[in-house]
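> Here is my input; please provide its structure:
(one chain, ligands or ions: 2)
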Amino acid sequence: MALVEISNVHKSFGEVEVLRGIDLTVEKGEIVTIIGRSGSGKSTLLRCINGLEQINGGEIKVAGELVHSRSTDLRKLREHVGIVFQQFNLFPHMTVERNITLAPVLTGKIAQGDAARELARKVLAQVGLEEKIDAYPGQLSGGQQQRVAIARCLAMSPYLMLFDEVTSALDPELVGEVLKVMEDLATQGMTMILVTHEMNFARNVASKLVFMHAGMVHEEGRPADLFANPATPELANFISSVR
Ligand code: ADP
Ligand code: MG
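Residues are numbered from 1 along each chain as shown. Ligands and ions are numbered 1, 2, ... in the order given. Here you go, the predicted structure:
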């Protein structure tokens, strides 16, 4: 069974259909990169996968469970399906430790106190920021804040992580450190679906590349194949525009 099974998903905002029959399968341990022009539906698709958006047709299964079913406990699902956005959304008045441990403590996953601090240490080590455990977000660079946001996600022990253009708001010199963290996670076997404009990452780290165009999966395949031999003029144009 694939970890994520998306079949014939349709999604409209009012009159506008932004997802027009999406099919996509993600196996456990796969790194799937989604590329495509602005407005092609990439963020909407990610948001549908963890139930932040309703859908108008088709179905999405994560770990065998239908995301858009009345009987699905979305809060439970989101504990296992982490999402990281372009804007890090850390709480400015809380320390890094508190930002990271808030959700695990509130959901009863872990007790406040030493255990929580230990968890924060562990996930901060995964993003190379143990020394910032007592810092406030305002004392960190954008790249460091985004790494804390990823650590916060890891603290819930997700089995799937969704990344929506997590490096797009960063100064260019800070992009590399965040990509490095995602590459490390990939190496450790985390299943990830990422929307990114970082073509080198898409080319070198992803196991599957998905090109979205006009609300559809226009092409998908091995990154090297798609970059070398785009089958459609839309992908060829996209690749030359981002080079
Ligand atoms: P991408 O991430 O590929 O840039 P999006 O998924 O953000 O694309 O958006 C796809 C289309 O859906 C766009 O035309 C956008 O304006 C529209 N859209 C996205 N979210 C909403 C919303 N909450 N309400 C209305 N329209 C939306
Ligand atoms: Mg987007």
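> which ones are touching residue 120?
Contact analysis of residue 120 by CB atoms under 8 Å, 6 or more residues apart in numbering lists 96-97, 100-101, 133, 151, 155. All C-beta atoms are positioned from the backbone trio N, CA, C, and that covers glycine.
> distance between the helix or strand hosting it and the chain's centre?
Using DSSP states H and E, residue 120 sits in helix 114-126. In terms of CA atoms, centre = their mean, to the nearest Å, the centre of helix 114-126 is set 21 Å apart from its chain centre.
> returning to that earlier point: for the contacts of residue 120, give me a markdown table that also has neighbour count.
Below are the contacts of residue 120 laid out as a markdown table (neighbours: other CB atoms under 10 Å):
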| residue | neighbour count |
| --- | --- |
| 96 | 27 |
| 97 | 19 |
| 100 | 29 |
| 101 | 26 |
| 133 | 17 |
| 151 | 26 |
| 155 | 25 |
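> can you list the residues of this structure near ligand 1?
Residues of the chain lying close to ligand 1 by CB under 6 Å from any ligand atom are 13, 18, 36, 38-44.
> One more pass at 8 Å, please.
Taking CB under 8 Å from any ligand atom as the criterion, the neighbours of ligand 1 within the chain are 13-14, 16, 18, 36-47, 53, 164-165, 195, 212, 215.
> are any of those buried, and which?
Using 16 or more other CB atoms under 10 Å as the burial test, the residues of the chain next to ligand 1 include 18, 36-37, 40-47, 53, 164-165, 195, 212, 215 as buried.
> Mind checking which of the residues of the chain next to ligand 1 land in helices?
Among these, the ones falling in helices (DSSP state H) are 42-47.
> Closest to ligand 2 out of the residues you listed?
Ligand 2 has its nearest neighbour among these in residue 43, at 3.2 Å by CB to the ion.
> quick one: the closest one and residue 144, what's the gap?
According to CB to CB, to the nearest Å, residue 43 stands 24 Å off from residue 144.
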